[in-house]
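Peer 1: Quick one, structure for this:
(2 chains)
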Amino acid sequence: MLVVLRSSSSLATGRCRLRLGVRLVAGVLLVIWAMPGLAQERIALQLRWDHQFQFAGYYAAQWQGYYRQSGLDVDIRSAITASGTIRSAIQEVSEGSAEFGIGAADILVARHDGHDLTVLASIFQTSAAMLFARPGVKFKNPADLLTLRVARRVNDLIDVEVQAMLRSEGIDPSAVKPFPHQAGIEHLLSKQVDVIPGYSISIPFLADRHGVILTGLRPAAYGVDFYGDSLFASADFVNSNPELTARFVDASLRGWEYALAHPEEIAARIAKTLPRGRPLKDPLEFNLYQANGVKALTMHPLIDLGHVNPDRWRRMHDSLAQAGVVSGSLDLSRFIFDPVGDVMRSRQQLRQVLIGVVAGGMLLLFAIAGWVWLLRRNVLTATKALQHNETRLRAIVDTAVEGIITIDEQGTVESTNAAAEKIFGYASHEMVGQSVNMLIPSPYREEHDGYLTNYLETGIRKIIGIGREVQGLRKDGTIFPLELSVAEMTVEGKRQFTGLVRDVTERHALQQELRARQETLTLTIENAPVGIVTTTLDGRIISANQAFCSIVGFSQAELEASLIRNITYPSDIRDGVSGMRDLIEGRQTSINLRQRYIHKDGSTIFAQVYLALTHDAAGSPSTCILQAVDRTQEINRVQELRQHRERMAHVDRLSTMGEMAAGIAHEINQPLAAISAYAQACQRLIQSGRTNAGELQDALQDVGAQVERAGEVIRRLRGMVKKGAGQRVLTDINELVTETIALARLDRREQEIQIHTELESDLPSVEVDAIQIQQVLLNLVRNAMDAMQDLPVAEQRVTIRTSRRGPDDVEVAVADCGAGLSGEVEKNIFRPFFTTKNTGMGMGLSISQSIVNNHGGRIWFTGNRDQGTTFHVSIPSGIMDIYAVE
Amino acid sequence: MLSSNQIVYIVDDDDAVRKSLCLLMKSVGLLAQGLASAQEFLEAYDRAQPGCLVLDIRMPGMSGLELQDRLVAERIELPIIFITGHGDVPMAVQALHKGAMEFLEKPFRDQDLIDRVQFALQRDAEQRHAASLREILEAKLVTLTPREREVMERVADGQANKAIAIDLDMSSRTVEIHRARAMEKMGARSLAELVRMVVDINHV
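Peer 2: Numbers count the residues shown, from 1 in each chain, chains lettered A, B, ... in the order given. Here you go, the predicted model:
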């Protein structure tokens, strides 16, 4: 604390002394040389913008005659030239076209560029720089900038403050993409960007003219304490004309004092009398508006007008250095106008003058006595001012957001401020006199003593002047993160350390929240049920989430090395490409299309795909976001339904076959009968000799035609029974059984036969033509039903069992409880056209047998122990084959 | 017994079957006429025409069974051989019950059909012959007096003249005279022939 107090108070004292000295010198000169004939010195003050209230103090000094009274004829120049170009104050002053200029952080930049400039007085104690967001844009803290379109002129005066703010919040400034910035606020209102930089004393006014209220963020609120408008001159000029400089500064500050006390008057006069290079519609309102802002920026009367804290300039320099705008170190002695030295020099000269005067004659004794009296009185006044300043600065220290704690070499707390009390929860008297360790939790507490001892012994700094994040211990025992910077000083030969402590719990919480939000987003994407892929504009996959991986069967690693087209169904690539083109060329903002992908296992995936683009800082498309909803199941279900319908049609055909069998047989028998008759007739005719070649030829021709006819019938018959090319797929036999039962029930709706199932789970899949096997099963179920026709319906019962048979086979058994098979039936049961039914064709079991045999399986029957017959079908499981293929 | 004027009627809607069967009949020296439907047959057929009918059970319009019913109703005793396709067995059984001679399931051996046709023609001829015999006998029978007829029947029954005389209360001589007249009227050259005539009359 003492360091701050001392440095600030020395400065304040310096400022007081400066004025004191200036008045003193002026007074003495008045006495010695009298005033008449004192020539007015012409000097120029170069403003940094157009005439407006921002520079009110200088106009006031002019209008109130302060400059004139100080022997100065000041030309106050707008930065806007007659031709509309902008004059740089830095340049004007550096080149000597103007003696004084108004600048801010740019003074440091100019210094770095080789212009030897000196800061004379800082009028705006805090920077007017701000960031403004459009209404509706969520802009509450610096972290929001990461997701917003922020207009930036990288490294300009406002931007370096923004960068410092981001750094203080632990955000890398390069993470905030710069969007182009333009003058005015049109680009903000037209939504080209979300956030723009600007000054608090003009942007809100412009927005108000548009009927808009902007939300703003001040870097100053995040510990970035840049000075705003400051008076400067070239170092050479100041060194050669310290007295003139002092006069000018003093008069200017008085002008400021007047302007801030009479803002309406000055604003009105500025609006009325000062011609603007850039005219305003309502200059009076604008200047009145600025008056409020300007007053706030000067922090008058809390802080003396023009107060300069060298440490703050150094911090500004550090911030600029971090941004890479300046480098090296700042020589404060030359950069800051040091009025103390000047005053001392003045006093020395004065003393010599006085000695000369005393030696020269006693006549001036009275004057000397008067001067001594004056001196005494002024010293008293200065002391009082010092005390006043002490009190005031104490108030500032106590109202500081940062906790300030000083300790001695032993680590004993010497003083604390109000913020420190608030941060740690102790009253000041509870801390003072105690070891600072009470504020440090273990294990840092133990280390702290070590640091202190170590530093005192070796002089190696661990934290002093560096600053870092540590943990603090509150009175209530809670441990919290705090940012600590330590300064060292020697007061009356005693070493002291001042700790500047900032509670960063909230910042941590914010960062935590940001991290949590990011994590939530990542997790959301990663675990979304929808496949999400980001690709480059030419379709190279940047990332893919879990859902997409499982949709297409590839791992993230496999996908991320690939092009999206590599997994796209070839004939669908064109749609995707044209969709992308529409997006890139801005015809669409999002695309919804159907795409098929090829699963790693070769199957086709049907997906509903949504495409959208992300844009880079310049607004040009950068990446593509692809979302894919897997609709394969849905589409397969539709296809299955269609297949089921076909299957039903097939079943219809099969069930009408019984009726048609007779007709079909008739149709075949007709030509056969004819052929047979012709053959016999021809034979007999030839034998009898009672014929001729013509007759026989006719007959034989008819025979040929009848053979043809019979063949045609057979073909038609086969076409009716056969259903598509048998496709064998891996099938769950239990599913097949379940479907068969449904079909059987459909087939005999009127019958309430009990169909009982005993299905073994975990059976291996069988690779079969499902339709054919279903036909076999349906046939067996029907036979079973038919076998029980003589029983009362309540006793009719079919049992279907599935089981594993041997290591590789799956067996389905269909049992009825009918009368069983007679010996003759048993012998012939698989023979074609053997039937015990009135309406059967006798083909069912025969066909079934050939189907099952074709599948490499077997069909047989056994008599049940109690009653009825069981038919068994065994089918080899497809497992071995499948793995062999793989 | 077969006569050259017998005709084998082949009724089948199937052209090929009809034509082939006609040729088959021709090949064994039979006259055949093919008809495509039951109606066509009914229009063409004269009941005096001897022959037989090869009839398809299943036909559009009037079926074979219906035609059979029609012929029975009209007392046309043309022998019928049904030919059937597969699955028509129950219908064929029904037809047999109604007096059809035969049924053959397609495809059949030609010889089977020929045999059955021959048999049917013979049957038809016999039937027609029997029918004509009876007509002659009945014409002769009409010329007998009631007494002569009584005597003749008792003679055919094997009764002795004496027994007849007692039964009819006449003299043996009178019995002999009636017997001689009846034999003369009936044209029987022997007692045995007369006896057979009486049997025929009673049974045909």
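Peer 1: which other residues reach the lowest-mean-pLDDT helix or strand in chain B?
Peer 2: Every helix and strand in chain B was compared by mean pLDDT, DSSP states H and E; the lowest is helix B:89-97, with a mean of 74. Contacts to helix B:89-97, defined as C-beta atoms under 8 Å, 6 or more residues apart in numbering or on different chains, come from residues A:838, B:57, B:58, B:64, B:65, B:68, B:80, B:82, B:84, B:100, B:103, B:105. The C-beta positions use only the backbone N, C-alpha and C, and glycine is treated the same way.
Peer 1: any idea how far whichever strand or helix holds residue B:176 is from the chain center?
Peer 2: According to DSSP states H and E, residue B:176 maps onto helix B:172-186. Offset of helix B:172-186 from its chain centre (C-alpha atoms, centre = their mean, to the nearest Å): 32 Å.
Peer 1: And stretch A:220-237, by the same measure?
Peer 2: Mean-position distance between stretch A:220-237 and its chain equals 35 Å (C-alpha atoms, centre = their mean).
Peer 1: Residue A:509 belongs to a helix?
Peer 2: Yes. Residue state for residue A:509 (DSSP: H, G, I helix; E, B strand; the rest coil) corresponds to a helix.
Peer 1: Buried residues in the least confident helix or strand of chain B, which are they?
Peer 2: Using 16 or more other C-beta atoms under 10 Å in any protein chain shown as the test for burial, helix B:89-97 gives B:91, B:92, B:95.
Peer 1: Out of these, flag the one nearest to residue A:483.
Peer 2: Closest to residue A:483 out of the buried residues of helix B:89-97 is residue B:91 (109.6 Å), distances taken as C-beta to C-beta.
Peer 1: Chain B: helices as residue ranges?
Peer 2: B:15-27, B:38-44, B:64-73, B:89-97, B:110-141, B:146-156, B:161-168, B:172-186, B:191-203 (DSSP state H).
Peer 1: which of the ones you listed is buried the deepest?
Peer 2: Counting by mean count of other C-beta atoms under 10 Å in any protein chain shown, helix B:15-27 has the highest mean neighbour count of the helices of chain B, with a mean of 24.
Peer 1: average pLDDT for that one?
Peer 2: For helix B:15-27, mean pLDDT is 90.
Peer 1: now do stretch A:762-770
Peer 2: 82.
Peer 1: and chain B, what are its domains?
Peer 2: B:7-129, B:143-203 (automatic domain parsing).
Peer 1: Same question for chain A.
Peer 2: Using automatic domain parsing, chain A is parsed into the domains A:8-126+A:225-355, A:129-222, A:400-509, A:528-628, A:636-721, A:729-884.
Peer 1: Of all those domains, which one comes closest to chain B?
Peer 2: Taking C-beta to the nearest C-beta, domain A:636-721 is the member of the domains of chain A nearest to chain B, at 3.0 Å.
Peer 1: where's stretch A:680-691 relative to the chain centroid, distance-wise?
Peer 2: With C-alpha atoms, centre = their mean, you get 102 Å for stretch A:680-691.
Peer 1: cool, stretch A:128-145 as well?
Peer 2: Distance of stretch A:128-145 from its chain centroid, counting by C-alpha atoms, centre = their mean, is 16 Å.
Peer 1: okay, how far is it across it, tip to tip?
Peer 2: 19 Å (C-alpha to C-alpha, to the nearest Å).
Peer 1: What are the buried residues along it?
Peer 2: Within stretch A:128-145, judged by 16+ other C-beta under 10 Å, the buried ones are A:128-134, A:137, A:139, A:141-145.
Peer 1: who's in contact with residue A:276?
Peer 2: A:50, A:51, A:52, A:78, A:80, A:283.
Peer 1: Tally up the residues packed near the first one, please.
Peer 2: When neighbours are defined as other C-beta atoms under 10 Å in any protein chain shown, residue A:50 has 18 of them.
Peer 1: Now for it: which residues touch it?
Peer 2: Going by C-beta under 8 Å, 6+ apart, residue A:50 touches A:78, A:79, A:80, A:276, A:277, A:278.
Peer 1: sec struct for it, please.
Peer 2: Under the three-state scheme (three-state DSSP), residue A:50 adopts coil.
Peer 1: quick revisit: what angle do the helix holding residue B:176 and helix B:146-156 make?
Peer 2: Helix B:172-186 and helix B:146-156 are oriented at 90 degrees to each other (axes from the mean of the first three to the mean of the last three C-alpha atoms, to 10 degrees).
Peer 1: re the thing from before, please indicate which of the contacts of residue A:276 has the highest neighbour count?
Peer 2: residue A:52 (26 neighbours).
Peer 1: and chain A, which of its residues are near chain B?
Peer 2: Proximity of chain A to chain B, by C-beta under 8 Å from any C-beta of the partner chain, involves residues A:661-662, A:665-685, A:688, A:690-691, A:695, A:699, A:702, A:705-706, A:709, A:838.
Peer 1: Selecting buried members of those residues in ChimeraX, what would you type?
Peer 2: In ChimeraX syntax, the buried subset of those is picked out as below (16+ other C-beta under 10 Å):
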select /A:661,662,665,666,667,668,669,670,671,672,673,674,675,676,677,678,679,680,681,682,684,685,691,695,699,702,706,709
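Peer 1: quick revisit: which of the helices of chain B comes out lowest on mean pLDDT?
Peer 2: Across these, helix B:89-97 gives the lowest mean pLDDT, at a mean of 74.
Peer 1: what angle do that helix and helix B:64-73 make?
Peer 2: Going by the same axes, to 10 degrees, helix B:89-97 makes 10 degrees with helix B:64-73.
Peer 1: check which helix or strand covers the nearest residue to residue A:89 once chain neighbours are set aside.
Peer 2: Closest residue in space to residue A:89, ignoring its immediate chain neighbours: residue A:101 at 3.5 Å, by C-beta to C-beta, 6 or more residues apart in numbering or on different chains. Assigned by DSSP H and E, residue A:101 belongs to strand A:100-103.
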